[in-house]
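J.: Model the following, please.
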Amino acid sequence: MRAIVITAQGGPEVLEYAEHPDPVPGDGEVVVDVAASGVNFIDIYHRSGAYPLALPSPIGSEGAGVVSAVGPGVDGVAVGDTVAWAGVLGSYAEKAVVPADRLVPVPGDVPAELAAATMLQGMTAHYLTHSTYAVREGDNVLVHAGAGGMGQLLVQLAKLRGAKVYTTVSSSEKEKLAREAGADEVLRYDDFAEALRGRMHVVYDGVGAATFDGGLEALRPRGLMALYGAASGPVPPVDPQRLNKEGSLFLTRPTLAHYIADRGELLQRAADLFGWIASGRLRINVSRRYPMAEAAQAHADLAARRTTGKLLLVP
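T.: Numbering: from 1, shown residues only. I've put the predicted structure just below:
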């Protein structure tokens, strides 16, 4: 099979697409013929060294496809099943080895490629809006980067829960996408803090350094900042006393792994998402598909914010 493995951490050029032996499942594992792999900022962090890896290392954390082999000790998964996963390294490949307890079944009315586009960002949007801060009807919610893959999902799920959703974008083209996702108010980054000062129940921030200070200013007393990423760079250290001064604010830095560690929670989040997709209540915007050999270009485009919606690699 062909797969991407990195032998050094660095720029997109370290992504090596080459032939590797076909994988064999071990205890509790299955092999999946990959239909598509999602491209995410965590892949960039793994590739660049922001999140260190033991090298050489496979890369890619999300995908979907059809089970082609089942290892010993696996129950409830069979050859021919369509499955999806997130948080498992090695997804940039024609064949991926995945622990069976990290797989979720994909219903027949959801295409495998769409499932691959849903898992990591979709479940992140789910836990942020349903668990980290359970959005309530009438809440004021700020979603940064509302035209991106994560932003569009957060906007839609917050609207499903009855919120009034504000979002930030950098251009008129991206404003159109954010409004199509359901945003009530769309602002530019340079004036959002003043326009929203003291009004937001929650701020969902995957941008990081460039928006963090303004996000705190936008929160109402006892509001919550969920800092789930750092596309613009890491946030400098914060004096906890600032949270007191700004209105007894809450600040959290959540990650998906802690919200799907329990298998029941993993299955419920995935089932909710697939159900909303099948019913038409949730739209997954796959904006670009790249051949897997062009993973470096996909990383460069995502890092430069030249894209909107979800990016996929297709074997």
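J.: what residue lies at the spatial centre of the protein?
T.: Nearest to the geometric centre of the chain sits Gln121, at 2.5 Å (Cα atoms, centre = their mean).
J.: Identify the residues contacting the nearest residue to Ala257 once chain neighbours are set aside.
T.: Nearest residue to Ala257, sequence neighbours excluded (Cβ to Cβ, 6 or more residues apart in numbering): Gly87, at 5.7 Å. C-beta coordinates here come from the backbone N, C-alpha and C atoms, glycine included. Applying Cβ atoms under 8 Å, 6 or more residues apart in numbering, we find Gly87 in contact with 61-62, 102, 120, 256-257, 260.
J.: let's go with 10 Å and repeat that
T.: 42, 61-62, 98, 102, 119-120, 123, 255-257, 260-261, 266 (Cβ atoms under 10 Å, 6 or more residues apart in numbering).
J.: could you dump these to JSON lines with neighbour count?
T.: Below are the contacts of Gly87 laid out as JSON lines (neighbours: other Cβ atoms under 10 Å):
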{"residue": "Ile42", "neighbour count": "22"}
{"residue": "Ser61", "neighbour count": "23"}
{"residue": "Glu62", "neighbour count": "29"}
{"residue": "Val98", "neighbour count": "25"}
{"residue": "Arg102", "neighbour count": "18"}
{"residue": "Met119", "neighbour count": "30"}
{"residue": "Leu120", "neighbour count": "27"}
{"residue": "Met123", "neighbour count": "24"}
{"residue": "Thr255", "neighbour count": "13"}
{"residue": "Leu256", "neighbour count": "23"}
{"residue": "Ala257", "neighbour count": "9"}
{"residue": "Ile260", "neighbour count": "24"}
{"residue": "Ala261", "neighbour count": "10"}
{"residue": "Leu266", "neighbour count": "22"}
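J.: Now for the residues you listed: which two are most distant?
T.: Val98 and Thr255 (19.4 Å; Cβ to Cβ).
J.: Report the mean per-residue pLDDT for the helix or strand where the residue nearest to the centre of the chain lies.
T.: Assigned by DSSP states H and E, Gln121 belongs to helix 112-127. Model confidence over helix 112-127, given as mean pLDDT, is 97.
J.: Okay, and the beta partners of the closest residue to Ala183 other than its chain neighbours?
T.: Nearest non-adjacent residue to Ala183, counting by Cβ to Cβ, 6+ apart: Thr167, 4.5 Å away. When bridges are called by DSSP bridges, Thr167 pairs up with Val143, Val186.
J.: so what pLDDT did Thr167 get?
T.: With respect to pLDDT, Thr167 scores 98.
J.: quick one: it and Leu89, what's the gap?
T.: 31 Å (Cβ to Cβ, to the nearest Å).
J.: For those two, work out which one has more neighbours and name it.
T.: Neighbours were counted for Thr167 and for Leu89 using other Cβ atoms under 10 Å; Thr167 has more, 30 against 15.
J.: Show me the shaky parts of the stretch 51-200 of the chain.
T.: Along the stretch 51-200 of the chain, no part satisfies pLDDT under 70.
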